[in-house]
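1. any chance you could fold what I've pasted below:
(chains A and B)
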Amino acid sequence: EAAVTQSPRSKVAVTGGKVTLSCHQTNNHDYMYWYRQDTGHGLRLIHYSYVADSTEKGDIPDGYKASRPSQENFSLILELASLSQTAVYFCASSDVTGSAERLFFGHGTKLSVL
Amino acid sequence: GEQVEQLPSILRVQEGSSASINCTYENSASNYFPWYKQEPGENPKLIIDIRSNMERKQTQGLIVLLDKKAKRFSLHITDTQPGDSAMYFCAAIPSSGSWQLIFGSGTQLTVMP
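-> Reported below is the predicted structural model:
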């Protein structure tokens, strides 16, 4: 079973503060993703990456930055956290050969911005 | 952007009965339709998928149907058990060659004993 590990599992942040969510995968997958989960909105893609040192914007990138320093690691950065960014964040990876196919998700990070 | 509509958002069924979840998509070129199950406090996991060259797929009490003309696909859980209680997400890849999965908004299924 593919392994995607997120840290921290939960975090409380203050408005205007900087937050970094980390993700590590041991699957040797090329693609990594950051999704946000809100009640009633399913999973929405924030950023993704298909190779180290490169990131791409997803559907809702505003207010977020991403970093892919290596194939195994993918971070999501909130430079100025806001109340509206309170959500559960999921990292995922996939072995892509032309399409997303099966995603392997981490266990999520519950972020509360106060 | 592309949308995947999922209904119902909440579904309660009696143990042993069937449960059905429906999704519609916009792009007729969509070619891959997975379903993910998320148990409370857990991460979403793939449970079944279907490609556009099929109309029906079945595995372990799960049936997926795809109607390309109507741009609709559905998940049917037969003989539901309490362990089937979870959030279910449908998803679609918007077009051939695309990498991105577009998710529906989810269905919270509760199986009542």
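2. can I get stretch B:8-17 in CSV, CA atoms only?
-> Output of stretch B:8-17 as CSV, limited to C-alpha atoms (Å, rounded to 0.1, in the frame of the first residue of the first chain):
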residue,chain,number,x,y,z
PRO,B,8,-27.9,13.2,-2.8
SER,B,9,-25.7,14.9,-0.2
ILE,B,10,-27.2,12.9,2.6
LEU,B,11,-28.5,9.3,2.3
ARG,B,12,-29.9,7.1,5.1
VAL,B,13,-30.8,3.5,4.4
GLN,B,14,-31.8,0.5,6.4
GLU,B,15,-29.2,-2.3,6.8
GLY,B,16,-29.6,-4.8,4.0
SER,B,17,-31.2,-2.5,1.5
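3. off-centre distance for that stretch?
-> 14 Å (CA atoms, centre = their mean, to the nearest Å).
4. mind listing what's buried along it?
-> B:11, B:13 (16 or more other CB atoms under 10 Å in any protein chain shown). Placement of C-beta: from N, CA and C, glycine included.
5. please see if that stretch touches chain A.
-> Yes. For stretch B:8-17 and chain A, the contact criterion (CB under 8 Å from any CB of the partner chain) is met by B:Ser9.
6. with only the CA atoms kept, save stretch A:86-98 in CSV.
-> What follows is stretch A:86-98, C-alpha atoms only, in CSV (Å, rounded to 0.1, in the frame of the first residue of the first chain):
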residue,chain,number,x,y,z
THR,A,86,-9.9,26.9,8.1
ALA,A,87,-10.4,23.4,6.5
VAL,A,88,-9.0,19.9,6.3
TYR,A,89,-6.1,19.6,3.9
PHE,A,90,-5.2,16.4,2.1
CYS,A,91,-2.0,15.6,0.3
ALA,A,92,-2.1,12.9,-2.4
SER,A,93,0.3,11.3,-4.8
SER,A,94,-0.3,9.3,-8.0
ASP,A,95,1.7,7.4,-10.5
VAL,A,96,0.7,9.2,-13.6
THR,A,97,1.2,8.1,-17.1
GLY,A,98,-1.1,10.6,-19.0
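7. tell me which residues are up against that stretch.
-> Outside stretch A:86-98, the residues that touch it by CB atoms under 8 Å, 6 or more residues apart in numbering or on different chains are A:2, A:4, A:6, A:21, A:23, A:25, A:27-38, A:43, A:46, A:50, A:74, A:76, A:100-106, A:108-113, B:43-44, B:97, B:99.
8. all the strands of chain A, residue numbers only.
-> Secondary structure of chain A (DSSP state E): strands located at A:4-7, A:10-13, A:19-25, A:31-38, A:42-51, A:54-57, A:65-67, A:73-78, A:87-94, A:104-105, A:109-113.
9. could you dump those to TSV with mean neighbour count and mean pLDDT?
-> As requested, the strands of chain A are exported to TSV (neighbours: other CB atoms under 10 Å in any protein chain shown; pLDDT from 0 to 100):
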stretch	mean neighbour count	mean pLDDT
strand A:4-7	18	96
strand A:10-13	14	97
strand A:19-25	20	98
strand A:31-38	23	94
strand A:42-51	21	92
strand A:54-57	15	93
strand A:65-67	17	98
strand A:73-78	20	98
strand A:87-94	24	95
strand A:104-105	22	92
strand A:109-113	18	96
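10. and B:Ser17, which of those strands is closest to it?
-> Each of those has some distance to B:Ser17 by CB to CB; the shortest is strand A:42-51, at 25.2 Å.
11. which ones are touching the nearest residue to B:Asn27 once chain neighbours are set aside?
-> With sequence-adjacent residues excluded and distances taken as CB to CB, 6 or more residues apart in numbering or on different chains, B:Asn27 is closest to B:Pro94, at 4.9 Å. By CB under 8 Å, 6+ apart, the residues touching B:Pro94 are B:2, B:25-27, B:29-30, B:100, B:102.
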